[in-house]
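Asks: quick one, fold the following:
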Amino acid sequence: MRRSQFLTTIAIGLLVSQVAHSEAQESARPLVAAAPGLFEFHSGFWLDLHHFLYAQARISRGIDTDRPAIAASTRDTAGLGGLDPSARLAWAEAIDFYGRTLARRDATFDSLLIGIKNRLAEWEARPNLTGSGLSPELTAVLERTAPIHRRLWWPAHDAANRAWIAEALPLLRDHGRQIADRLADRFRTRWPERPIRVDLTAYTKGGGAFTTEHPSHITMTSTDPSYRGTAALEMLFHEASHTFEDSLGNTLDAAAGTRRVPYDRTHALIFHTAGQLTRSRIPAHIPYAEATGLRTRSRGMSQQFEAAETAWRPYLEGRLTWDQAIRSLTAEDRLFSFHSNVWINLHHFLYVLSRARQGLDPTRTAVTMSLADTAGQSTLSEEQRRGLETAVAYYGREFANREATFDRAMEGIKAKLIPLDSAGTLDGAGLDAAVAGALTGAMPAYRAAWWARHDRENRAWIARMRPLVALHQDTMAAAVARAFRTVWPSKPVRVDVSAYTNWAGAYTTGPLTNIMISSLAYPELGPSLELLFHEPLHTMDQFLIGALDRAFRAEGKQMPETLSHAFIFYTAGEVTRSRLPGHIPFAESGIWERNRLWGSYLPILRREWQAWLDGRGTFDEAMRAVARRP
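Replies: Numbering: from 1, shown residues only. Here you go, the predicted model:
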């Protein structure tokens, strides 16, 4: 359910009575400042008092006690002890009233609180609330505590509000119009014709800022340090995005069909968009979700930010269309789970680079292109360069001559790196000390010069593949599993997308099937789709190998050791071609010619095995025909 749908379903609260809107419009509305065409900024006494009481009431009821943006209100007690008993009682009774009537309501979605907020914003310059239309009980509470607030807190709160605005205005002058235009373009909408009202108050709610609609109205804290500096610029455009999020949410819902798209998905896209657009203007900016740890605070939110990184960032950068991004965001990962893991990427980068420097695989572009991957290397410090070179030399001595697919030591390293994903350290990984030392030593250089670019390529690859996989996965999985007389794995197959993998650009290890695919070696969709269904067959070919062995033995022959791989190439290629008619299978790019043994079986594969794939022949007939080949 989108925000606007939610608001229309909430009953109008009991504390706000009906008054003529024209009366409210008679109130003065002095501006602190304005960013022409974007925002107008206010610092209003009544709204500040209302949110101060709301914040303290929520804390008194055990709500938001772990949220810095609101918990700080309980420490804002300067002068409270000097009040006479009647004033202290009035303040305590006000917090109790808010606790009983308003504290458990959500300021963003509750129509009662929205009505109160809008009316108090209109009344910002009035000396009292006479004629405001607020309920007598709420009016009495606010007017009884107003002298206390004016004397003890309002001067400091107002100064903080105005200081926040003064800091934000130069940022808006230099970057605001460009971010607003880009934001509206990426969300496929238009920036509002009238500036969006922004009220600064010392405290707001747990998140530090919130936005309501009809009219669009942002309320933002001035006292939370995480909302200062360039974060103020980002969060202004983050909150503004909530005023036109319905279009994005409805598009996602329509694309998902009967499946529910979590609200956090849309919110993560807003966080990501505002953060990245701000960073595009101010490169040193650290997006709010990263700076505060929000993106890793819970598994659910972490997953939504992962989706934003994978499918939305390529769209922001112009490498995906709107439709591609929406399809990727709503595609179901039922057969595969896709990952871009920094430690896995570094491990394979060191492995491939060490092979390339030793002249191994000189005809394999999946390896040799690492030698030309030098963008950003000139910016490395001497310490970073030394750490990288030490690691490459170590990999050259220990692993360059090993085969990533079959070597147990290489498989063991990969298996221990997989669970780490984006962990900052190798603590608890259980790696050999020398391996851990090489990876840890090389990581600063890798992050500085390569990782951001490699991760972008990986995530763009994933985003392009997800819709294609969602469209064909059921048919293709059923076809290859039937062909090999087996079943597709019951759990999603993990696919680690890495800039580099091995000489082939892809490989698979078991027993828990894990596919490695190079995003740089396989940028095209058709070959990548074939690879996704080729690689798992390496862990699903036991029945086929057994059947071939029995058929060859019946003919008094020995089965060629790698023959099952020819079946994998042929099957994955033809099943992919059946779904993508213009696709040219990998094996037809010269593999049949280079491997004469496999090529000698190609006529039988095309005749007998293809008949089995098409349902015109039997599995056993195909096995016997292969074994009887002269």
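Asks: look at Pro192 and give its secondary structure.
Replies: coil (DSSP: H, G, I helix; E, B strand; the rest coil).
Asks: state the pLDDT value of the residue nearest to it when sequence neighbours are not counted.
Replies: Among residues not flanking Pro192 along the chain, Ser216 sits closest, at 6.3 Å (Cβ to Cβ, 6 or more residues apart in numbering). C-beta here means a position set from N, CA and C on the backbone, and glycine is covered the same way. pLDDT, Ser216: 94.
Asks: what residues are up against Ser216?
Replies: Contact partners of Ser216, counting by Cβ atoms under 8 Å, 6 or more residues apart in numbering, are 192, 196-197, 240, 243.
Asks: again, only this time at 7 Å
Replies: Listed by Cβ atoms under 7 Å, 6 or more residues apart in numbering, the contact set of Ser216 reads 192, 196, 243.
Asks: can you give me the end-to-end distance of stretch 129-141?
Replies: For stretch 129-141, the first-to-last residue distance is 11 Å (Cα to Cα, to the nearest Å).
Asks: gap between it and the chain center?
Replies: For stretch 129-141, the distance from its own C-alpha centre to the chain's C-alpha centre is 45 Å (Cα atoms, centre = their mean, to the nearest Å).
Asks: mind listing what's buried in that stretch?
Replies: By neighbour count with 16 or more other Cβ atoms under 10 Å, stretch 129-141 contains the buried residues 129, 132-135, 138-139, 141.
Asks: as TSV, the residues you listed with secondary structure would be great.
Replies: Below are these laid out as TSV (three-state DSSP):
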residue	secondary structure
Leu129	coil
Ser132	coil
Gly133	coil
Leu134	strand
Ser135	coil
Leu138	helix
Thr139	helix
Val141	helix
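Asks: any chance of these in a markdown table, with distance to Pro585 and pLDDT too?
Replies: Output for the buried residues of stretch 129-141, formatted as a markdown table (distance: Cβ to Cβ, whole Å; pLDDT from 0 to 100):
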| residue | distance to Pro585 | pLDDT |
| --- | --- | --- |
| Leu129 | 76 | 95 |
| Ser132 | 74 | 94 |
| Gly133 | 73 | 94 |
| Leu134 | 73 | 96 |
| Ser135 | 73 | 96 |
| Leu138 | 72 | 97 |
| Thr139 | 77 | 97 |
| Val141 | 75 | 97 |
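Asks: list just the nearest of the residues you listed to Glu403.
Replies: Distance to Glu403, by Cβ to Cβ, is smallest for Leu138 among the buried residues of stretch 129-141, at 74.2 Å.
Asks: if I look at the closest one, how far off is Ala375?
Replies: Separation of Leu138 from Ala375 (Cβ to Cβ, to the nearest Å): 61 Å.
Asks: could you do Leu38 as well?
Replies: To Ala375, Leu38 is 36 Å away according to Cβ to Cβ.
Asks: same thing with Ala87?
Replies: For Ala87, the distance to Ala375 equals 66 Å [Cβ to Cβ].
Asks: which one's more surrounded, the two?
Replies: Ranked by neighbour count (other Cβ atoms under 10 Å), Ala87 and Ala375 place Ala87 first, with 17 against 10.
Asks: ok, and the closest non-adjacent residue to the more buried one?
Replies: Distances taken as Cβ to Cβ, 6+ apart put Ile148 closest to Ala87, at 5.6 Å, once the chain neighbours are dropped.
Asks: could I get the contacting residues of the one you found?
Replies: Neighbouring residues of Ile148 by Cβ under 7 Å, 6+ apart: 83, 87, 90-91.
Asks: for PyMOL, write the selection for the buried entries among these.
Replies: In PyMOL syntax, the buried subset of those is picked out as below (16+ other Cβ under 10 Å):
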select buried, resi 87+90+91
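Asks: among the contacts of Ile148, list the two that are farthest apart in space.
Replies: Leu83 and Ala90 (8.7 Å).
Asks: need the pLDDT of Lys205.
Replies: At Lys205, the model reports a pLDDT of 89.
Asks: and if you look at Ile326?
Replies: What the model reports for Ile326 is a pLDDT of 91.
Asks: and the one 10 residues further on, by the same measure?
Replies: Confidence at Phe336, expressed as pLDDT, is 93.
Asks: then Ala57?
Replies: With respect to pLDDT, Ala57 has a value of 95.
Asks: against Leu531, how distant is it?
Replies: 58 Å.
Asks: can you check Gln178 too?
Replies: In this view, Gln178 and Leu531 are 40 Å apart by Cβ to Cβ.
Asks: now swap in Arg297 and tell me
Replies: From Arg297 to Leu531 the distance is 35 Å (Cβ to Cβ).
Asks: which one of these two has more residues nearby?
Replies: Leu531 (24 against 11).
Asks: which residues are in contact with the residue nearest to the more buried one when sequence neighbours are not counted?
Replies: Among residues not flanking Leu531 along the chain, Ala506 sits closest, at 5.1 Å (Cβ to Cβ, 6+ apart). Applying Cβ under 7 Å, 6+ apart, one finds that Ala506 lies in contact with 516-518, 522, 531, 535.
Asks: most surrounded residue in the residues you listed?
Replies: Within these, most neighbours by other Cβ under 10 Å means Ser518, with 28 neighbours.
Asks: quick check: phi and psi on it?
Replies: Here is the backbone geometry of Ser518 (degrees, to the nearest 10): phi -90, psi 120.
Asks: just give me the neighbour total for the closest residue to it other than its chain neighbours.
Replies: Closest residue to Ser518 apart from its sequence neighbours, by Cβ to Cβ, 6+ apart: Gly505 at 4.2 Å. Neighbourhood size, Gly505 [other Cβ under 10 Å]: 23.
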